[in-house]
Structures are given as C-alpha cells and as structure tokens.
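In: Need coordinates for the below:
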Amino acid sequence: MVLTQDWHPRGHLSFASSHPGRQPLETIAAAYGPQVLWPDHCVQATAGAAFHPALQVPHAGLVVRKGMDRAVDSYSAFYENDRTTPTGLVGYLRERGFTRVFLAGLALDFCVRYSAEDARREGFAVFVVEDGCRGIDIGGSVAAARGSFAALGIPCLQMREFAAG
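Out: Residues are numbered from 1 along each chain as shown. Okay, the predicted model is just below:
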C-alpha cells in the first residue's frame with residue numbers, strides 16, 4: 001500500500017491566497033499550463049496536512065509527498081503537474097514487481113484522475129475504487145474524469161466487488 005500526501009509550502013502557487021484578488025476555483029495560467037486555485041490546504045507540518053487520525057495503515061510501504069515545489073502543483077501520485085518531474089512512484093512499484101494499481105481518495109476528478117492516467121501511461125493495469133473517492137466537480141470535471149477512464153480502459157469498481165471475490 002502506498003499513501004500520497006499533499007505537502008505544500010506556505011505561499012504555494014496553487015493557493016488562491018498567493019494571488020491577490022483571485023478566489024478559490026478560479027484558473028490561472030502557470031508555466032506548465034492551466035492551474036486551478038485552491039484554498040490554502042495541506043500546508044507542510046500543520047494539522048491540515050496530517051492524515052486523518054482514524055486512518056490506520058501500518059502496512060503502508062511508502063508515503064509519497066507531493067506538491068512540495070512552491071511553483072508547481074501536483075495532482076498525480078506519479079508526476080508533478082509540469083508532467084516531467086517524477087515522484088519516484090513508478091520506480092518503486094516496478095522494483096517490487098507490481099503490475100496493477102488500485103486508486104481511491106480525493107479528489108476523483110483531480111488527484112485520482114491524474115494518477116490513474118499516469119499509471120495507465122506507464123503501463124500499469126489501473127482500477128479506480130469509485131466509492132472510495134469523492135469529486136469536486138468544477139465545470140463537469142467528474143464527468144470528464146469518468147470519460148477519460150472509459151477512453152483509457154480504466155474500470156471503476158465498487159468496494160462490494162472486492163468482498164465478492
């Protein structure tokens with residue numbers, strides 16, 4: 001099991017508060033392309049960046065901290081939003097012989113979507129555990145994520161499908 005954790009420095013590019021006069025959910029042009037502005041969140045070494053205290057995953061082998069570069073956001077567990085800077089997850093999974101990736105988390109239409117797309121491009125079989133996700137849905141982004149999953153052959157599963165097997 002691998003966990004991802006947004007770990008943003010104060011004043012991160014993706015924070016609306018870093019852009020006077022801008023509001024959360026507006027989009028700006030970043031050096032790497034469009035960037036949605038978010039409320040300040042997951043600031044390094046704050047309670048807002050911590051995993052929920054009820055999350056008990058002692059078997060997790062890796063925590064991938066992402067979004068640490070003040071000038072580049074990171075939705076994907078595999079690449080920063082500049083689409084060239086790897087997080088190291090591909091190598092970690094390949095060195096251990098993993099061929100399948102199951103994704104759950106927040107948000108379906110951003111972090112889960114980018115992670116699923118990148119995992120697929122890297123040659124992994126990818127599955128999204130949809131009832132383990134929640135979307136934000138900015139301008140139809142949840143429908144766009146589902147469309148992307150379908151186009152890439154990424155099935156969306158429900159937790160009950162794991163209990164049946």
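In: any idea where the strands of this protein begin and end?
Out: Listed in chain order, the strands of the chain (DSSP state E) span 2-6, 27-30, 33-36, 62-66, 100-106, 125-134, 156-157.
In: Quickly note the distance from the residue most central in space within the chain to R160.
Out: For the chain, C111 is the residue whose C-alpha lies nearest the centre (Cα atoms, centre = their mean; 2.3 Å). According to Cβ to Cβ, to the nearest Å, C111 and R160 sit 24 Å apart. (Each C-beta comes from the backbone N, C-alpha and C, glycine too.)
In: got it, and I28?
Out: The spacing between I28 and R160, counted by Cβ to Cβ, is 40 Å.
In: So for these two, which residue has more residues nearby?
Out: Neighbours per residue (other Cβ atoms under 10 Å) separate I28 from R160, with I28 holding more: 14 against 8.
In: what's the closest non-adjacent residue to the more buried one?
Out: The shortest distance from I28 to any non-neighbouring residue, by Cβ to Cβ, 6 or more residues apart in numbering, is to Q35 (5.3 Å).
In: can you pull the contacts of the one you found?
Out: Applying Cβ atoms under 8 Å, 6 or more residues apart in numbering to Q35 gives the contacts L13, S14, T27, I28, A29, D73, N81.
In: who wins for neighbours among those?
Out: In terms of neighbour count, S14 stands highest of those at 26 neighbours, by other Cβ under 10 Å.
In: Which residues are in contact with the closest residue to that one other than its chain neighbours?
Out: Excluding its sequence neighbours, the residue lying closest to S14 (Cβ to Cβ, 6+ apart) is D73, at 4.2 Å. Residues near D73 by Cβ under 8 Å, 6+ apart: H12, L13, S14, A30, Q35, G67, E80, N81.
In: Dump those residues into TSV; add distance to T4 and pLDDT as well.
Out: Shown next, in TSV, are those (distance: Cβ to Cβ, whole Å; pLDDT from 0 to 100):
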residue	distance to T4	pLDDT
H12	16	98
L13	19	98
S14	15	98
A30	20	97
Q35	19	97
G67	10	96
E80	12	97
N81	14	97
